[in-house]
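> Okay, structure incoming, though there's no sequence with it:
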């Protein structure tokens, strides 16, 4: 990854925002800019400098991972160390340069108070726009290849799931086989708690695998992903145990149509709310929209959920290089649920579907 | 779990803090008070009422899990719904009751701003002390049994690790076998990314398993835990591949002595900083204190890291029912590291060591 170039692009954007410095506190943002993968750190970026603060646990790791950015190891919390560095190093600047921007979405009220206490009154702490999140939305070709590799590894786990899903088997045992296969194939970890939601549990949009046993008939929602080289995958397939009824088929096909129409709607220049609307309208035409209780998708990258949200009323416009999920679902309480999810890369003319897996209804 | 009693105890503490209501935003706190295990929600507690806010994805789950607390499903973000509920329901109260406390450690500056925008000016938003974190520090007998079960499951994975650790095997493959065994035994997930740090990587205190292959000789730090019924386990053992040198033995024994002296120091009424000091002084007497780059331990419960921190200068005094780790380590950059970690329950007279596993140096 060209971390240096990313830092440079960020530095170039500070002037227009009248920021003398930006304090980056969200760990995935820090990783994106510096390469650091640890769990404690703060990155301060000025127009000409970038300094990374962490503690003694990460001395070795920071030296190994962080390139092109100065490293400060401090016994104090990274934010305190960063504030003190500002006090000592950003003194003789013009007044606009004394604004230190912070990320209000990733700074707690406590951290903000402490920062205020440490940094001298010659600095103004200001809520900065989400500059790094904005950069991260558009993936470069190297990132897309890493995401593609994560998606392919993730997709291979669906075969494992198909082998494991049988009546009487615990949901957690299906998850166990998938997670074991993921690790053996080199995944760093799962990108979220594996969802294996069988029978009436399929009506839970976030039905993490439990000790429940798969019933002899009904849907099983399988929603899972891996992290490989830092990048996440995310996919959902819903299979049916036993022979699906006509009603089950019709529910499945409605979700499939909604998913396909939303994938077809994806193209640079289209609003995310229009993509969401296309899935929602399809389900509406079948009287099923009220069972679609979440948004259509989200960005994926270093985080499993990142910008943009593909949701009603969301303001973003799709741009080439965005990697998003398309995952409508319907959930009928006490009865059943179906969700189908692919990851796609936005292009000028449409999108590339990354997820290679069939969406035909599989009965096991 | 007696969630109702917990809510009642919290309600009883609000008056003395002059809080008309407390807004609970930290998900493990919400789980502790209500039983809800989902990923989005806010809990508002007044002296006589408790209302839980979540979104449509969690309608079913909230109804199944949350007892004794009113549930509000809203299309708006839970915090917004909670603020609007205050506006409509807490009007005719005396002035002290118009203070709404929030948890500054678990509310972002953005969330705080939005809360301010929604809640009317008749309410004062005030930083509340960490009331729920304080309650959670002392585990009741039911919690201790759940933690004990998690610790026993976690400890069984060390046998799996001993079978898997061999020269040439990838660290991630050791983790894969442990995680698979954990799932098969019913764990919901690992409590953190499994650390398998072999050879010179053992000098990384947070050396998550990588694709590195275990060398023919040297230490392997194994730090891992599971979540079972919501409660976390955490343990570390360091094994040696091949015959340890006299120096390796001496390093190992120093850490073992430090760990044992710190366990012996644990007792209700003792300051956490004294427990930390006992381990640190032991290592100091051997000239190794400079290699002990982290604190001695932390609380464990619904979260893998919770109060109290067992650290230099930390203010807490141990009380019966606290469950903490004791985990000194030494890390010699480029060379090796050793850490040994048990979980213990604080008692009036000392502590019960929960971790059943031998601490003798095992050569594999």
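Structure received. Given the structure is predicted, the values throughout are model-derived calculations rather than measurements. Residues are numbered from 1 along each chain as shown, chains lettered A, B, ... in the order given.
> what comes up buried for stretch A:153-169?
A:153-158, A:160-161, A:164-165, A:169 (16 or more other Cβ atoms under 10 Å in any protein chain shown). (C-beta placed from N, C-alpha, C; glycine too.)
> For stretch A:82-95, report the contacting residues that lie outside it.
Stretch A:82-95 is contacted from outside by A:20-21, A:23, A:42, A:44, A:46, A:49, A:51, A:53, A:72, A:76, A:97-98, A:100, A:115, A:118-120, A:122-123, using Cβ atoms under 8 Å, 6 or more residues apart in numbering or on different chains.
> re earlier: show me the buried residues of stretch A:153-169 that map onto strands.
Among the buried residues of stretch A:153-169, no member is found in strands (DSSP state E).
> could the residues you listed go into CSV alongside pLDDT?
Output for the buried residues of stretch A:153-169, formatted as CSV (pLDDT from 0 to 100):
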residue, pLDDT
A:153, 98
A:154, 98
A:155, 98
A:156, 98
A:157, 98
A:158, 98
A:160, 98
A:161, 98
A:164, 98
A:165, 98
A:169, 98
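> And these, which is closest to residue A:67?
Closest approach between the buried residues of stretch A:153-169 and residue A:67, by Cβ to Cβ: residue A:153, at 26.5 Å.
> related to what we said a few turns ago, filter the contacts of stretch A:82-95 to the buried ones?
A:20-21, A:23, A:42, A:44, A:46, A:51, A:53, A:72, A:97-98, A:100, A:115, A:118-119, A:123.
> Residues in contact with the lowest-mean-pLDDT helix or strand in chain A: which ones?
When the helices and strands of chain A are scored by mean pLDDT, DSSP states H and E, helix A:59-65 comes last with a mean of 90. Helix A:59-65 is contacted by residues A:34-38, A:41, A:52, A:54, A:71, A:73, B:203-204, B:206, B:293, B:331, B:333-334 when judged by Cβ under 8 Å, 6+ apart.
> do stretch A:33-43 as well
With Cβ under 8 Å, 6+ apart, stretch A:33-43 has contacts from A:1, A:3, A:6-7, A:10, A:23-25, A:27, A:29-31, A:45, A:50-55, A:57-58, A:61-62, A:65-69, A:78-79, A:81-82, A:132, A:230, B:206.
> on that earlier part again, make a markdown table from the buried residues of stretch A:153-169 and add distance to chain B to it.
Compiled in a markdown table, these are given as follows (distance: Cβ to the nearest Cβ, whole Å):
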| residue | distance to chain B |
| --- | --- |
| A:153 | 13 |
| A:154 | 16 |
| A:155 | 19 |
| A:156 | 15 |
| A:157 | 13 |
| A:158 | 18 |
| A:160 | 12 |
| A:161 | 14 |
| A:164 | 11 |
| A:165 | 15 |
| A:169 | 12 |
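> what phi and what psi does the backbone show at the nearest residue to residue A:242 once chain neighbours are set aside?
Closest residue to residue A:242 apart from its sequence neighbours, by Cβ to Cβ, 6 or more residues apart in numbering or on different chains: residue A:217 at 3.7 Å. With angles defined as degrees, to the nearest 10, residue A:217 sits at phi -150, psi 140.
> Wait, residue A:217 touches residue A:202, no?
No. Checked against Cβ atoms under 8 Å, the pair residue A:217 and residue A:202 is beyond contact range at 11.8 Å.
> higher neighbour count, the two?
residue A:202 (26 against 15; other Cβ atoms under 10 Å in any protein chain shown).
> what sits against the more buried one?
Per Cβ under 8 Å, 6+ apart, neighbours of residue A:202: A:218-221, A:238, A:331, A:336-338.
> switch the cut-off to 6 Å
Counting by Cβ atoms under 6 Å, 6 or more residues apart in numbering or on different chains, residue A:202 touches A:219, A:221, A:336-337.
> low-scoring stretches of chain A, by residue?
By pLDDT under 70, the weakly predicted segments of chain A are A:92-97.
> For it, which residues are neighbours of chain B?
Counting by Cβ under 6 Å from any Cβ of the partner chain, the residues of chain A close to chain B are A:56-57, A:60-61, A:104-105, A:107-110, A:112, A:172, A:176, A:180, A:183-184, A:189, A:193, A:204-205, A:293-294, A:333.
> Need the buried ones from those selected in PyMOL.
Those of the residues of chain A next to chain B that count as buried under 16+ other Cβ under 10 Å are selected in PyMOL with:
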select buried, chain A and resi 57+60+61+104+107+108+109+112+172+176+180+183+189+204+205+293+294
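> So which of the residues of chain A next to chain B sit within strands?
Those of those lying in strands (DSSP E): residue A:189.
> partner strands of the helix or strand following the least confident helix or strand of chain A, parallel or antiparallel?
Using DSSP states H and E, the next helix or strand after helix A:59-65 towards the C-terminus is strand A:70-73. According to DSSP bridges, strand A:70-73 forms sheet pairs with strand A:50-54 (parallel).
> where do the helices sit along chain A?
A:3-14, A:27-34, A:59-65, A:78-89, A:109-118, A:131-137, A:141-164, A:171-184, A:246-265, A:272-285 (DSSP state H).
> Quick check: which of the ones you listed is nearest to residue B:320?
helix A:109-118 (28.5 Å).
> Show me how far the closest one is from its chain's centre.
28 Å (Cα atoms, centre = their mean, to the nearest Å).
> Just want the residue of the stretch 201-350 of chain A that's nearest chain B.
residue A:293 (3.9 Å; Cβ to the nearest Cβ).
> I figured that residue was touching residue B:56, is that so?
Yes. Counting by Cβ atoms under 6 Å, residue B:56 is a contact partner of residue A:293 at 3.9 Å.
> one step back: between which two of the contacts of residue A:202 is the distance greatest?
So, these by Cβ to Cβ: farthest apart are A:221 and A:336, at 9.2 Å.
> Let me see the contact set for residue A:160.
A:177-178, A:181.
> Redo the residues you listed as CSV? Include neighbour count.
Output for those, formatted as CSV (neighbours: other Cβ atoms under 10 Å in any protein chain shown):
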residue, neighbour count
A:177, 19
A:178, 27
A:181, 21
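> Rebuild those residues as CSV, extending it with distance to residue A:361.
Below are the contacts of residue A:160 laid out as CSV (distance: Cβ to Cβ, whole Å):
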residue, distance to residue A:361
A:177, 22
A:178, 20
A:181, 23
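> tell me which of those residues is nearest to residue B:248?
residue A:181 (35.5 Å).
> Find the nearest non-adjacent residue to the closest one, please.
residue A:160 (4.6 Å).
> Now for residue A:124: which residues touch it?
Counting by Cβ under 6 Å, 6+ apart, residue A:124 has contacts residue A:99.
> now the residue of the stretch 201-350 of chain A closest to chain B: how far from residue A:339?
Applying Cβ to Cβ, to the nearest Å, the value for residue A:293 to residue A:339 is 11 Å.
> Kindly report the same for residue A:27.
29 Å.
> Which one of the two is surrounded by more residues?
Shown here are residue A:27 and residue A:339; by other Cβ under 10 Å, residue A:339 has more neighbours (24 against 19).
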